[in-house]
Structure formats: structure tokens, C-alpha cells
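Novice: Just a sequence and a predicted model for now, questions to come.
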Amino acid sequence: MFNLILFGPPGCGKGTQSDKLVAKYGLVHLSTGNLLRQEIKDKTPLGLEAKSFIDKGQLVPDEVVIGMVDSYFDQHKEAKGFLFDGFPRTVAQAKALDKLLELKKTEIGKVLMLNVDEEELIKRLVLRGKTSGRSDDADENVQRNRQAVYKKETLPVAEYYTKLKKVGTVDGMGDIQEIFERLSAQIDKKVK
Ligand code: AMP
């Protein structure tokens, strides 16, 4: 089993690259953002609770997200590996993920961090806000809050995995296909 975390700030291209990577490597895509948006669409109690946090650009509480990931694992017992996109976003989530993977007798193989300039991130998010229909994309203040939350709560996750010698960095600026090739080159070093 090979498990990959695609890591980086909102707008760095995790979603776009995840779609291409899961197709190439046959991994199961686990995007907590997508799962939460589905819960909101289905008007579940979890979705209603999550929406108030998402609309402000804040993180949904750890226990809600971890519970969701746990049940996603239960629904995908045959997976040959997972690509985590937008998860873990706190050190508590990272530790919980390690425990869940340990129960499955596996672990995180690699964390790939996409580096993109902050101004480019805001530019991409403003552009995405025009078409994505996402309530948290439409407002520039919410976007700036998401970047601040990333620095405060999510960057420590990179430190956590750096200590475990699992992090590789990838230049996330430029052409989508070129970025995909940079990511693939790092994954190939691990899986071949
Ligand atoms: P994303 O699509 O990954 O950018 O996520 C959109 C929003 O969903 C985030 O701004 C958070 O409010 C919430 N969210 C997604 N994943 C997580 C997570 N792992 N932990 C907490 N909140 C999350």
C-alpha cells in the first residue's frame, strides 16, 4: 500500500493535481473538503455543522473530520493506497491519521508539498471564486483568513512529517502538466 499526502496552502493546486495523480497511480482520492461539501449538499447534520466553519474560512473541528476519514476507510477496504488532499490540516489530525493507518498495517509513504507564491495563490482563488460556486471562494477576506489559518494551524503538520523525513517539496508555479511531472518524478522514486 502506498499512501501519499499532497500538502500546501489553499489554491496551490492540490485538487487539480490530485485528480491527475489518482488516475496515474490508482490511488483512492480522499479530499476532506470534497467530503464536507457533499455533506452540505445532502443537508446532513454533519454538513450543517461544518458549513458554519467553512463559510468563515475556519477549520472544521478535528473530531468531525477524523470521524469522517475513519468511515471513508471503512468504505474503501480494498484500496491499494490513498491520496490525502486537504487532510491532515492539524497536528492532531496527523497523529490520528498515523494511528488509523497503523491499524491498517500501513503508513504515510510520502508528503509532497506544493510551493506557490502567496500573491499567486490569492490570484488563483479570486479566479476560481468566479466559477467554483464555493461559498468560501467568493470572498477575498475569507480567502485571506484561510491563508492565515493555513500558516498557523496547518504548517506545523509539515514540521511533524519533516521530523519523520517524509517531506519532499515541489515547485507549484507554472504549467499544470509540468507540475504534474515534477510530482510524478518524486513519487516514482518511492514506488519503483
Ligand atoms: P478544501 O476544499 O480542502 O480547501 O477545504 C475547504 C474547507 O473545508 C476548509 O477551508 C475547511 O473549512 C474545511 N476543511 C477541509 N478539510 C479540512 C480538514 N482536514 N480539517 C478541518 N477543516 C477542513
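Specialist: Happy to help now that I have it. As the structure is a prediction and not an experimental result, all values here were calculated from the model.
Novice: Kindly report the residues of the protein close to the ligand.
Specialist: Residues of the chain found near the ligand (C-beta under 6 Å from any ligand atom) are 10, 32-33, 36, 53-54, 57-60, 65, 86-87, 89, 93, 136, 146. In this view, the C-beta of every residue, glycine as well, is placed from N, C-alpha and C.
Novice: So what's the residue count around the closest residue to residue 154 other than its chain neighbours?
Specialist: For residue 154, ignoring the flanking residues on the chain, the nearest one in space by C-beta to C-beta, 6 or more residues apart in numbering is residue 89 at 4.7 Å. Taking other C-beta atoms under 10 Å as the neighbour definition, residue 89 ends up with a count of 20.
Novice: what kind of secondary structure is the one residue in the chain that gets nearest to the ligand in?
Specialist: In the chain, no residue comes nearer to the ligand than residue 33, which is 2.1 Å away by C-beta to the nearest ligand atom. Assigned state for residue 33: helix (three-state reduction, DSSP: H, G, I helix; E, B strand; the rest coil).
Novice: That one: what's it in contact with?
Specialist: Residues touching residue 33, when contacts are defined by C-beta atoms under 8 Å, 6 or more residues apart in numbering, comprise 15, 85, 86.
Novice: so which helix or strand takes in the residue nearest to residue 154?
Specialist: Using DSSP states H and E, residue 89 sits within no helix or strand.
Novice: Sketch out the low-pLDDT regions of the chain for me.
Specialist: Across the chain, the ranges flagged by pLDDT under 70 are 192.
Novice: Strands of that one, start to end?
Specialist: Chain-ordered strands for the chain, with DSSP state E as the definition, fall at 4-7, 28-31, 82-85, 110-115, 167-171.
Novice: Could you provide those strands in TSV, with additional columns for distance to residue 156?
Specialist: Supplementary listing: the strands of the chain in TSV, determined by distance: least, C-beta to C-beta, whole Å:
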stretch	distance to residue 156
strand 4-7	12
strand 28-31	21
strand 82-85	16
strand 110-115	13
strand 167-171	13
